Structures are given as C-alpha cells and as structure tokens.
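**Student:** Need a 3D model of the following:
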Amino acid sequence: MTSAARRVAIGPSGAPPWVDAAVREGGAEIVPLEDADALVWWDHTAVSELRGNLSSRPLLEWVQLPFAGVEDFLEVIDDRRVWTCGKGAYSEPVAELALALALGGLRATHRYARERRWGEPAGRGLHGERVTIVGGGGIARSLLALLEPFGCRTTIVRRSDRPVPGADLVVSPDHLIDALADALVVVLAAPLTEETRGLIGVDELAMMTRDTWLINVARGALVDTDALVTALQDGAIGGAALDVTDPEPLAVDHPLWSLDNCVITPHVGNTPEMREPLLGPRIRENVRAYCRGEALDGIVDPRAGY
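**Tutor:** Numbering: from 1, shown residues only. Got it, this is the predicted structure:
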C-alpha cells in the first residue's frame, strides 16, 4: 500500500449512507469495484457475494469486514491482502452487557421478573469476588475497567500470558481448569476458532461451583450446549446468561428456554443502533490510515482465525 492509494469500493450494494460518509471522511474516493484498490464490506451475511467480488478483483490490497467475529468469512480470508474487522469497535457495549448479565444472574433479577407474587429473597454480591474472563482482547479490557469499582479478583485466560492492565492474573489456556475453580463469574469473550470450539465442556463445568454464573458474550460454539443443559438442570452451577448460543437461534422447544437458572438474550452485545456510532469511526480511521500508508486497526490474522 502507498499513500497514493485512495480508491475504495463499498459492498455489497445498498450500504447505509453512514458507510459512504465514513469512507469519504477518511479521504478516499468511492469508486466501482473494478476500479478499486480496497473494499469496505458492510454486510456480515453476504459471504458468497464477497467471494465473487474478490474473484473479479484479485488485486485488491485491503478488505474491511464489519464485525469482530470473522469465522463466517474464513473461507474467503487469505494472506494475499490485508484484512481488518471490527474487533475492538464494539468492546464497550459488549462488556456492559456482560456485566449486566452477571449482576442480574447473581442478584436473581431474572427470577423476580418471572414472579407474580412476592418471592423469597436470594442473591449474591459481586464485590471482592473472583471473576475469570476467557479472552484477552478489547471486551476483556473494557470489562476489567467496569469491574474495577467492585474490587474483584480477576483472572484472564488468553493465548499469551503477557500481563493485561487491570487483571490480577493472566494465564494461558493450559491453565483454564485452574482459572475456573472457585470463580463466582466466568465470562467468555474469546474468538471462535478450531482451538476454542467446545472450550467449555463437561470437565470445565465440573470445575465451577454451585454458585458460579457462566456469561457468554462471544460465540455459542465455545460451549458444549448439551453439557451446559445438564449442568444447569442438575444445579451444578448457579446459572448461565447467554447472549449467544449453539445453535443460534435456539429452537423454540430447546430445554434452555425452560430453565429458571438460564437467561438468554438474542445476540444483542451490539445492536443495529450501535453500528453507525461504533463501526463508522473504525471505517473512517482505517480508510484515513490506508490513504496515508499507515497501520490499520483490527488486523485479522488468517492463520489464527481472528
């Protein structure tokens, strides 16, 4: 890439006006795909269409993807060009949801919401408790900042055991089992890869306590759903709050819906209302950096899968 490369296409067709605005504000000229050096892709579902675009324009230097999770795009992500995604752009609202789900589960607000009479008091506080976060990216960092006033003892599980600001302890996945033991809250905020698929299964759930709440704001397939159902039915853990599930969406007769120690939200860590204020600046700044020949934010590692 050079500072002279300023021709960017937007795909697929029908992009919201704020996508065009972000590209123009970044300093690029919006051109048809056949004339473009880079492509901003705003639709997370149109994978086959993106594949066709790449085939017709094999010399594209850079592709910007819309969301943090890129598992649906792995079949087209290659090492011939630079790929960026939205990782980090949505960290704060996803971390907010993780904290809200954890507090709601610990304080049993989901049970009270279902009652039609004055129920028995229940619930535990979060102050000073142990929290384990699986994943060390932007969501984890934002959540650590939100947890700071609670004085929690925090452990991060990530590929590298390098220190993470705000975390009391950082360990590699080899120590996941130890990190789960005695944690009152376990938050899943890791990308979905072949290594993390089914990361939380029978053995991992068995390490949690009868008070532990499992919060998943990452990808449903990080968890063995059948094992989770059994753990919840048996009361082996306190509960689960799932913004993502496997499969997604769940069938209407799936047993998770009927469990009073399970809370399910419909993948709302980030919402359509958040896309313009959060993804728009990411696109604008990456286009600006691209035009200047500078480093881009949210680089995807094709080998790591995120």
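
**Student:** Excluding chain neighbours, what is closest to the residue nearest the centre of the chain?
**Tutor:** The C-alpha lying nearest the average C-alpha coordinate of the chain belongs to Ala218 (CA atoms, centre = their mean; 4.0 Å). Nearest residue to Ala218, sequence neighbours excluded (CB to CB, 6 or more residues apart in numbering): Leu188, at 4.7 Å. To be clear about C-beta, it is placed using only N, CA and C from the backbone, and glycine gets the same treatment.

**Student:** That neighbour pairs with what?
**Tutor:** Applying DSSP bridges to Leu188 gives these bridge partners: Val134, Asn216.

**Student:** mind checking how far it is from Arg159?
**Tutor:** Using CB to CB, to the nearest Å, Leu188 is found at 15 Å from Arg159.

**Student:** Buried residues, the lowest-mean-pLDDT helix or strand in the chain. List them.
**Tutor:** Counting by mean pLDDT, DSSP states H and E, the chain has its least confident helix or strand at helix 109-114, which shows a mean of 91. Residues of helix 109-114 classed as buried: 110-111 (neighbour count, 16 or more other CB atoms under 10 Å).

**Student:** Dump the C-alpha coordinates for it into CSV.
**Tutor:** Taking C-alpha atoms only, helix 109-114 is exported to CSV below (Å, rounded to 0.1, in the frame of the first residue of the first chain):
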residue,chain,number,x,y,z
THR,A,109,-33.5,-10.5,38.9
HIS,A,110,-34.5,-12.9,36.1
ARG,A,111,-36.4,-15.0,38.6
TYR,A,112,-38.1,-12.0,40.2
ALA,A,113,-39.1,-10.8,36.7
ARG,A,114,-41.0,-14.0,36.2
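
**Student:** now the stretch 151-300 of the chain, which segments are flagged as low pLDDT?
**Tutor:** Counting by pLDDT under 70, the stretch 151-300 of the chain has no low-confidence residues at all.

**Student:** all strands of it, in order?
**Tutor:** Applying DSSP state E, counting those that start in this stretch to the stretch 151-300 of the chain gives strands spanning 153-157, 169-171, 185-188, 213-216, 239-242, 262-264.

**Student:** Which of those sits closest to Arg114?
**Tutor:** strand 262-264 (10.5 Å; CB to CB).

**Student:** packing partners for that closest one?
**Tutor:** On a contact count with 3 or more CB pairs under 8 Å, 6 or more residues apart in numbering; DSSP states H and E, strand 262-264 meets helix 91-106, strand 239-242.

**Student:** Need the winner for burial among these.
**Tutor:** strand 239-242 (a mean of 25; mean count of other CB atoms under 10 Å).

**Student:** Quick one: distance of it to the chain centre.
**Tutor:** How far strand 239-242 lies from its chain's middle: 16 Å, per CA atoms, centre = their mean, to the nearest Å.

**Student:** Please save the CA atoms from that strand in PDB.
**Tutor:** This file holds the C-alpha atoms of strand 239-242, laid out as PDB (Å, rounded to 0.1, in the frame of the first residue of the first chain):
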ATOM      1  CA  GLY A 239     -26.700 -20.300  36.200                       C
ATOM      2  CA  ALA A 240     -25.800 -19.200  32.600                       C
ATOM      3  CA  ALA A 241     -26.500 -16.000  30.800                       C
ATOM      4  CA  LEU A 242     -26.100 -16.400  27.100                       C
END
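
**Student:** Mind listing the strands that strand pairs with, and their directions?
**Tutor:** Strand pairing for strand 239-242, using DSSP bridges, gives strand 213-216 (parallel), strand 262-264 (parallel).
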